[in-house]
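Undergrad: I would like to see how this sequence folds:
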Amino acid sequence: MIDSPLKGKKVLVVDDEPELRSAIIFDLNRRGCIIFEAENGTDALKIVKTEGIEIVVSDVRMPNGTGIELLQSLRKNHTDIPFVLLATGFADLTEAEALKMGAQALIEKPIDRKKMLKLLEEQVLTSI
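TA: This is a model prediction of the structure:
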């Protein structure tokens with residue numbers, strides 16, 4: 001296990017691509033996170049309501065509840081979740097737009113997993 005400020009954090013990974021979701025989960029597991037996963041925003045909201053999620057990493061485009069819809073619901077109904085990172089492979093959302101909606105970061109696909117982990121760790125350190 002890698003020493004990380006993410007250790008023990010409850011992280012929800014939301015993506016409709018199982019391979020990408022598994023890769024992100026692998027990296028987060030190595031840092032000692034408590035992982036939850038969903039393949040769409042609708043399922044993600046059910047997990048948020050019951051599991052005390054602290055960090056959400058979500059794709060933007062997914063069937064059955066997009067990452068944008070998830071973010072909007074989180075900011076409206078679950079304002080205690082401090083960090084939401086959105087990932088997109090399309091130019092349909094700028095970083096400025098994502099930040100304005102309440103995300104802390106937008107990362108483009110293909111995801112640079114090291115950059116993503118650094119963003120997550122920095123956010124945890126600054127929220128302490």
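Undergrad: use CA for all of it now, contacts and neighbours both
TA: OK.
Undergrad: this protein: strands as residue ranges?
TA: Ranges of strands within the chain are 10-14, 34-38, 55-59, 83-88, 105-108, based on DSSP state E.
Undergrad: list the contacts of the last one.
TA: Contact with strand 105-108 is made by 84-90, 94-95, 98-99, 116, 119, as judged by Cα atoms under 8 Å, 6 or more residues apart in numbering.
Undergrad: biggest separation within the residues you listed, which pair?
TA: F90 and L119 (20.2 Å; Cα to Cα).
Undergrad: quick one: the worst-scoring helix or strand of the chain on mean pLDDT to strand 55-59, angle?
TA: Ranked by mean pLDDT, DSSP states H and E, the weakest helix or strand in the chain is strand 83-88, scoring a mean of 86. Angle of strand 83-88 versus strand 55-59, following axes from the mean of the first three to the mean of the last three Cα atoms, to 10 degrees, is 10 degrees.
Undergrad: contacting residues for the residue nearest the centre of the chain?
TA: Nearest to the geometric centre of the chain sits V57, at 1.0 Å (Cα atoms, centre = their mean). Neighbouring residues of V57 by Cα under 8 Å, 6+ apart: V11, L12, V13, V14, V84, L85, L86, A87.
Undergrad: of those residues - the most surrounded one?
TA: Counting neighbours by other Cα atoms under 10 Å, V14 leads the contacts of V57 with 30 neighbours.
Undergrad: let's see the pLDDT reported for that residue.
TA: Note on V14: pLDDT of 97.
Undergrad: quick one on the thing from earlier: CSV please, covering the contacts of strand 105-108 and showing distance to E37.
TA: Shown next, in CSV, are the contacts of strand 105-108 (distance: Cα to Cα, whole Å):
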residue, distance to E37
V84, 14
L85, 14
L86, 15
A87, 15
T88, 17
G89, 20
F90, 22
T94, 25
E95, 24
A98, 21
L99, 23
M116, 17
L119, 19
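Undergrad: dihedrals phi and psi, N64?
TA: Dihedral pair for N64: phi 60, psi 50, per degrees, to the nearest 10.
Undergrad: you'd agree it is up against N40?
TA: Yes. If you go by Cα atoms under 8 Å, N64 and N40 touch, sitting 5.8 Å apart.
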